[in-house]
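Undergrad: Please find the sequence and the predicted model below.
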Amino acid sequence: MVEGGLTPMQALVAATSAAARLLYPNNPPVGILQPGKIADLLLVTRDPLRDVCVLENQTDIKLIVRNGVIYKSTP
């Protein structure tokens, strides 16, 4: 998306909260971390707004949590 002309922020929003709003138009579960809400979290080594390529390198991805389940965790 960035190569297509979006800023890193626009690309991240398009791939996350904007997509969730399309999937859940009547009750979007986005923007809040609280019990009962759907949350996916990703922890990376660098700021993806400065270098969106950090999301492509598996060694830069330190934690993946999807719906409360840890799929990857590295020290």
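TA: It's in. Numbers count the residues shown, from 1 in each chain.
Undergrad: which non-adjacent residue is nearest Gln10?
TA: With CB to CB, 6 or more residues apart in numbering as the criterion, Gln10 has its nearest non-adjacent residue at 7.4 Å, and that residue is Met1. For every residue, glycine as well, the C-beta is placed using N, CA and C.
Undergrad: now do Tyr71
TA: The shortest distance from Tyr71 to any non-neighbouring residue, by CB to CB, 6+ apart, is to Ile64 (4.4 Å).
Undergrad: partners of the helix or strand harbouring the one you found, with directions?
TA: Ile64 belongs to strand 61-66 when assigned by DSSP states H and E. The pairing partners recorded for strand 61-66 under DSSP bridges are strand 40-44 (antiparallel), strand 69-73 (antiparallel).
Undergrad: Most tightly packed of those?
TA: Using mean count of other CB atoms under 10 Å, the stretch among the strands paired with strand 61-66 with the largest mean neighbour count is strand 40-44, at a mean of 13.
Undergrad: Where does pLDDT dip in this protein?
TA: Low-confidence regions of the chain, defined by pLDDT under 70, span residues 28-32, 75.
Undergrad: Please identify the buried residues of stretch 5-18?
TA: Residues of stretch 5-18 classed as buried: 8, 11-12 (neighbour count, 16 or more other CB atoms under 10 Å).
Undergrad: for those residues, which one is nearest Ala39?
TA: Sorting the buried residues of stretch 5-18 by distance to Ala39 puts Leu12 at the head of the list, at 15.4 Å, by CB to CB.
Undergrad: Can you name every helix or strand that the helix or strand containing that closest one contacts?
TA: In the assignment (DSSP H and E), Leu12 maps to helix 8-15. Contacts of helix 8-15 with other secondary structure elements, assessed using 3 or more CB pairs under 8 Å, 6 or more residues apart in numbering; DSSP states H and E, are absent: no helix or strand is involved.
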